[in-house]
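Visitor: 3D model of this:
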Amino acid sequence: MTSAVPQRVLVTGAAGLIGRAVLADLADRGVPATALVLEAADDLAANRVVVGDAGDPEIVRAALAGVDAVVHLAAIPAPHLDTAQAVFTRNTRATFAVLEEAGRAGVRRAVIASSFSVTGLPWADVDLHPAYVPVDERLPLQVTDAYALSKQTDEATAEMMAHRHGGSVVALRLPFVGQHDDRLARRAAEFAQDPGSGAKDLWSYLDVRDAARACWLGLTRPGPGAHVLFVAADDILAPFPTEELLDRYHPDVPRRAKLPGRTSAIDVQAARDVLGFEAEHRFVADPALLP
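Guide: Residues are numbered from 1 along each chain as shown. The predicted model follows:
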């Protein structure tokens, strides 16, 4: 495994929730960052900011000056935020442009944001269930929406670019990401009132600080090649036992392991093996919100 510390990291989508956390994490580590953002922002923890579309090769080329590692987070983050064609084409175009230009510039370490949504479950208009739990990287995908398809394509692009240019490309399959007292609290309250609302996501989550740290580990730990990895907290946001929830909402899904208490139904063993990743921040619900 490599242990070289990047000298400068390009972060695309740097004004977003995870992007800002990655910039903060890099600043804490003393690593300079270049932020690529679609619209100007003057409150970013980066000493260089480039404004433009991550799908534009010329913009990306300019942003890569002096960079030796990339965290690519820029994307339309849900299928309902634009037309299906726009979601798919813009997301996949940006990933191709960033990884291709990075490879041509000699950058050999990259992390991209994939998603739990690549499974096809979260945004499906039909009733879908995973082939088994806990889910892992070998899970058959059931893609029916443009966002999930864009992430499936991004993962294929990452594999191609690792072959094409060498080096390491890590695709992190991120679940719902949030901050403890904001997005996570609201999501947990929703699951407490209506646990079925979390069934398509398997009630999974990740604190944004752990998401940022997973990006850092993705830049510094893996050997060459493409690595597709689930990352998630080791518990769930719903205040109910995992197996009781599965009994109710995924009753016919085979279980390949015991899931005692509120254990996550996402297997992150591959991320442990490749990155040394363990989530450090658990969500602790307000007792007043519990049923």
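Visitor: neighbours of A4, how many?
Guide: A4 is flanked by 11 other residues according to other Cβ atoms under 10 Å. Where C-beta positions appear, they are placed from N, C-alpha and C, glycine not excepted.
Visitor: for it, which non-adjacent residue is spatially closest?
Guide: Spatial nearest neighbour of A4, chain neighbours left out: T220 (7.1 Å); criterion: Cβ to Cβ, 6 or more residues apart in numbering.
Visitor: go on, P134?
Guide: Nearest residue to P134 in three dimensions, chain neighbours excluded: D267, at 4.1 Å (Cβ to Cβ, 6+ apart).
Visitor: which residue is nearest the centroid of this structure?
Guide: Computing the C-alpha centroid of the chain and ranking residues by Cα atoms, centre = their mean puts L174 first, at 3.1 Å.
Visitor: list the contacts of the spatially closest residue to that residue that is not a sequence neighbour.
Guide: Counting by Cβ to Cβ, 6+ apart, S115 is the residue found nearest to L174 once chain neighbours are left out, at 5.5 Å. Counting by Cβ atoms under 8 Å, 6 or more residues apart in numbering, S115 touches 147-148, 151, 173-175.
Visitor: just confirm L36 is within a strand.
Guide: Yes. Assigned with DSSP: H, G, I helix; E, B strand; the rest coil, L36 falls within a strand.
Visitor: which helix or strand lies directly C-terminal to the worst-scoring helix or strand of the chain on mean pLDDT?
Guide: Least confident helix or strand of the chain, by mean pLDDT, DSSP states H and E, is helix 183-193 with a mean of 94. For helix 183-193, the following helix or strand on the C-terminal side (DSSP states H and E) is strand 206-207.
Visitor: given that following strand, what are its sheet partners and their directions?
Guide: Take DSSP bridges as the rule and strand 206-207 pairs in its sheet with strand 177-178 (parallel).
Visitor: and the partner strand, how far out from the chain's middle?
Guide: The chain centre lies 10 Å from the centre of strand 177-178; the measure is Cα atoms, centre = their mean, to the nearest Å.
Visitor: what of stretch 89-96?
Guide: With Cα atoms, centre = their mean, you get 16 Å for stretch 89-96.
Visitor: what of stretch 144-161?
Guide: In terms of Cα atoms, centre = their mean, the centre of stretch 144-161 is found 13 Å from the chain centre.
Visitor: which ones are touching the residue nearest to the centre of the chain?
Guide: L174 makes contact with 18, 113-116, 206, 211, 231, according to Cβ under 8 Å, 6+ apart.
Visitor: would you turn those into CSV with pLDDT?
Guide: Below are the contacts of L174 laid out as CSV (pLDDT from 0 to 100):
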residue, pLDDT
I18, 98
A113, 98
S114, 98
S115, 98
F116, 98
L206, 98
A211, 98
V231, 98
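Visitor: could you work out the most separated pair of those residues?
Guide: Greatest spacing in the contacts of L174, by Cβ to Cβ: I18 and F116 (13.7 Å).
Visitor: and the residue nearest to Y132 when sequence neighbours are not counted, how many neighbours?
Guide: Using Cβ to Cβ, 6+ apart and skipping the chain neighbours, the partner closest in space to Y132 is P254 (4.7 Å). By the measure other Cβ under 10 Å, the count of residues near P254 is 9.
Visitor: quick one, phi/psi of P254?
Guide: For P254, the backbone dihedrals are phi -60, psi 140 (criterion: degrees, to the nearest 10).
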